[in-house]
Structures are given as structure tokens and as C-alpha cells.
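Visitor: sequence plus predicted model, see below.
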Amino acid sequence: MLDQAFLESLMDRAWPALEREDLDLEDLDPGNTGGWVLRASEGVTQRANSVWPRNLDGGSMGNPDMSRSIRAAAEWYRLRRLPLIFQVFGDSRSAALNAVLDTQRFTRQSETRIMVRGVDELPVGASGRHVDISDEPSDEWLRMWWSVDGRGGDAELSVAHKILLACPALYATVRDDDGVPAAVGRLALVDGWGGIYSMATSAGHRRRGFGTKVLDALLNAGAERNLQGFWLLVTEANRGAQSLYSQAGFTDYGSYLYRQAPLRRASSGC
């Protein structure tokens, strides 16, 4: 259904970092024509502040060459006062990189499942509750999402807002009977595919079907735009969301996690 490299590209473009730079591996390892993408966004979200090791092939780069590339990436992030974090996909291409990161004691964080589905059986039946769909996130949408998924205050939310607007997308909001926003979601539109992001339901509205209504509305909106299919990302720990997505026709495609360099302690004065 989807080529792995193409899906990684879709994911990168659906949540674009505010600053990015290609690390040309051929400069560090003659003959290696691959490249890593260094991404930074003032520390807001791991995916926008991590290395995407694009074009890995499993082992053409030896450990010394890999280590030189890691040092070059570490310096790039040091200049931005950010930790060195890799987004590492769970397939055989990542074996050599993982081996070196293990040696350097990189931690493993935020294990995430990638799920996909086609456009079969869409649109799904509309529910009785109206879902608002817009081309941009309203302040109300942003506040609702950030209250559930956000890490930080207004400054970090402002950065997240810029990330969201850097990719065409649809934004869904469903309200309860009192008109209070209950759940929100985002459909990133990239090259004829749709990525489900920022699914969030407020604590007081959970287990009442609001998330399902948002998801159905985004899938239907994507079908109306003749998308070829959809992908989404859900943490391994979030079993409830995995069940929701499975019931909506999504199936497992792959996985990734983040690997962060160990923090270095400052030298003691003693």
C-alpha cells in the first residue's frame, strides 16, 4: 500500500520542523550518498526536534563513520541548546544505527505504532452530532488540543501553531450539548494522503464517543477530497486509542521510537 521511505517523507512533511538542514553523509563518508535531516523547532515536540535518518540501508556505513555523523549532528543541536534525539524506525535498515546508539547509551523513548488504512468503506455514516471542520486551527481548537497534549505555556504553543500551519490540513472540533469543545483532531494533507494528528479529548468528555466522531469526520473529509489513504501515529502505551483506530479500519504498518543522547553532567568544582 505504502512504501516505507515514502511514508517517512509524508510524516516529515505533515509535521514540518521550523528549521531543518541536510547532513550530507558523503562529506563524512565518501561513497555514502545518503543523508540525515536535522530538525529543530525550539524544543517543541520530539518529531520536530530530532534527526530523521533518511535513506538508511542497514549497514553500509561502518561504526567509525556512523560515529562521526553522530558527532556532527550533536554539534548542530548543541549550537541550538537542544538534546540530540534520533527518530529511529523499527525495521532492518536501522540495525547499524541502533547498534552504535546502544554503544553510546542513547535512551529509548516514546515507542510509537504507525497505522494505515485505505479509503474503502468511506464515507462512514454521519452521527447525530455536528463536527466543525476548518482549514486553520482556531484559538479554541489550539487551546483544547494544548490542554491535553501540550508541553509548556504560551511560548511553546506559539511554536506549535507555526508547525501546524506549515502543512495544509483540516481541523475538526466536536462540542457537547452545552457547546463546550469536547474533542479535536487534525488531518494533514500531503501528496494525496491524509495523516491523522492531534487527536485530543478533554478529560471530562472521555469514553463518550467524541473522539470517534472527530475521527469519522476527518476520514469523511479526506474521502471527499479523493485522498488515496490515511496514516496515523499512536504511542504503544495508548491501548484505548489503538482500539479506536482498529475499529475505524486502521491496521499496523510499522513503528518507531526516539533515542536521546545521555545528558552530560557539568564538571564538579570539587
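Guide: Nice, thanks for sending it over.

Visitor: the bottom helix or strand of this structure by mean pLDDT?
Guide: In the chain, no helix or strand scores lower on mean pLDDT, DSSP states H and E than helix 25-28, which sits at a mean of 58.

Visitor: and the helix or strand just after that one, how far out from the chain middle?
Guide: Going down the chain from helix 25-28, the next helix or strand is strand 35-40, by DSSP states H and E. Distance of strand 35-40 from its chain centroid, counting by Cα atoms, centre = their mean, to the nearest Å, is 14 Å.

Visitor: does anything pack onto strand 35-40? Which helices or strands?
Guide: Packed against strand 35-40 by the contact rule (3 or more Cβ pairs under 8 Å, 6 or more residues apart in numbering; DSSP states H and E) you find strand 19-24, strand 51-52, helix 63-78. Heads up, the C-betas are built off the backbone N, CA and C, glycines and all.

Visitor: in the last one, what counts as buried?
Guide: Within helix 63-78, the residues that qualify as buried are D65, M66, R68, S69, I70, A72, A73, W76, Y77, counting by 16 or more other Cβ atoms under 10 Å.

Visitor: go on, stretch 243-263?
Guide: Neighbour-count burial for stretch 243-263 [16+ other Cβ under 10 Å]: 244-245, 248-250, 253-261.

Visitor: any chance of the residues you listed in a markdown table, plus pLDDT, distance to L142 and secondary structure?
Guide: Shown next, in a markdown table, are the buried residues of stretch 243-263 (pLDDT from 0 to 100; distance: Cβ to Cβ, whole Å; DSSP: H, G, I helix; E, B strand; the rest coil):
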| residue | pLDDT | distance to L142 | secondary structure |
| --- | --- | --- | --- |
| L244 | 92 | 23 | helix |
| Y245 | 96 | 23 | helix |
| A248 | 94 | 25 | coil |
| G249 | 94 | 29 | coil |
| F250 | 96 | 26 | coil |
| Y253 | 96 | 29 | strand |
| G254 | 94 | 30 | strand |
| S255 | 96 | 29 | strand |
| Y256 | 96 | 26 | strand |
| L257 | 96 | 27 | strand |
| Y258 | 97 | 24 | strand |
| R259 | 97 | 30 | strand |
| Q260 | 97 | 27 | strand |
| A261 | 96 | 31 | coil |
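
Visitor: which one of the helices and strands packed on strand 35-40 lies nearest to G211?
Guide: Proximity to G211 (Cβ to Cβ) singles out strand 51-52 among these, at 28.5 Å.

Visitor: contacts for stretch 207-227, please.
Guide: The contact list for stretch 207-227, computed with Cβ atoms under 8 Å, 6 or more residues apart in numbering, reads 119, 122-124, 126-127, 129, 131, 133, 170, 172-174, 176, 182-187, 189, 192-194, 196, 199, 201, 230, 241, 244-245, 248.

Visitor: could you check how far the residue nearest the centre of the chain is from M66?
Guide: The residue lying closest to the centre of the chain (Cα atoms, centre = their mean) is R47, at 5.3 Å. Counting by Cβ to Cβ, to the nearest Å, the gap from R47 to M66 is 22 Å.

Visitor: repeat for L227
Guide: L227 is 37 Å from M66, by Cβ to Cβ.

Visitor: ditto for A203
Guide: 44 Å.

Visitor: W52 now?
Guide: 16 Å.

Visitor: related to what we said a few turns ago, format the helices and strands packed on strand 35-40 as TSV; extra columns: distance to L38 and mean pLDDT.
Guide: Formatted as TSV, those follow (distance: least, Cβ to Cβ, whole Å; pLDDT from 0 to 100):
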stretch	distance to L38	mean pLDDT
strand 19-24	5	90
strand 51-52	6	96
helix 63-78	5	89
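
Visitor: adding distance to V148, write these out as JSON lines.
Guide: Shown next, in JSON lines, are the helices and strands packed on strand 35-40 (distance: least, Cβ to Cβ, whole Å):
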{"stretch": "strand 19-24", "distance to V148": "26"}
{"stretch": "strand 51-52", "distance to V148": "26"}
{"stretch": "helix 63-78", "distance to V148": "28"}
